[in-house]
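# please work out how this folds:
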Amino acid sequence: MRSDKKEIYAVVIEYLPHGRVDAGGRQQYRNEPILQAVGKNQFKLLELVPKVDDISINEEVYIGSKERNKIERVKRRIGYADLTKTAIVELPFAIEGIVKEDEQRYVAFYNTAVPISIKLHMLHLLPGIGKKLMQEILTERQKSPFKSFADISERIKAIPRPEQMIVKRVLEELEDPEIKYRLFTSR
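Next comes the predicted model:
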């Protein structure tokens, strides 16, 4: 489970130069530009106010507490339901990029996942992993820890793209605010 620490970096998934559209479908002229972004550590969904207008989708931006070059401020944390259609389409690509960039963190999950209860293991929470596949993962990691996503897919033939299981789980956690177990996101 992730902590509630602040995000330091985020990936932009939507740029709204004229701000949010109101309930009537009209844009309000006094609205400030808004970016929708996903945090790189805990996958928090955020609305950001940019300082500059040359920010592109899938760009990584610094949102920490020190001097920010491109972001004026973090406006608010948002939920999945607040995302625009464009942001919803871009979100899986951004998450996949984050997971691949920090591969060792997510490979470590496969190496260190533990039972949650007598009947439920953390690995079961990944889409597509049942008891048989979980047992195969546990057996292989006992022989030697996994070194990379390629190592996982080579040793466990039923998992051709282990990073996609992580991406799908992150999306499930973001889409459902009431989900019981959170592996990669924070409430």
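# longest helix in the protein, by residue count?
Ranked by residue count and defined by DSSP state H, the top helix of the chain is helix 85-101.
# how about the most centrally placed residue in the chain, secondary structure?
The residue lying closest to the centre of the chain (CA atoms, centre = their mean) is Phe43, at 3.8 Å. Here Phe43 is recorded as coil under DSSP: H, G, I helix; E, B strand; the rest coil.
# domain boundaries for the chain, per the record?
Following automatic domain parsing, one gets these domains for the chain: 9-86, 102-175.
# if you average pLDDT over each of those domains, which is lowest?
Mean pLDDT is lowest for domain 9-86 out of the domains of the chain, coming in at a mean of 89.
# nearest to Ser186, of the domains of the chain?
domain 9-86 (4.7 Å; CB to CB). Just so you know, the C-beta spots here come from the backbone N, C-alpha and C atoms, and that holds for glycine as well.
# so how far is the closest one off the chain centroid?
15 Å (CA atoms, centre = their mean, to the nearest Å).
# need the contact partners of stretch 92-105.
11, 13, 38, 40, 43, 58, 106, 148-149, 163-164, 166-167, 170-171 (CB atoms under 8 Å, 6 or more residues apart in numbering).
# mind redoing it with 7 Å?
Contact partners of stretch 92-105, identified using CB atoms under 7 Å, 6 or more residues apart in numbering, comprise 11, 13, 38, 40, 43, 58, 106, 148-149, 163, 166-167, 170-171.
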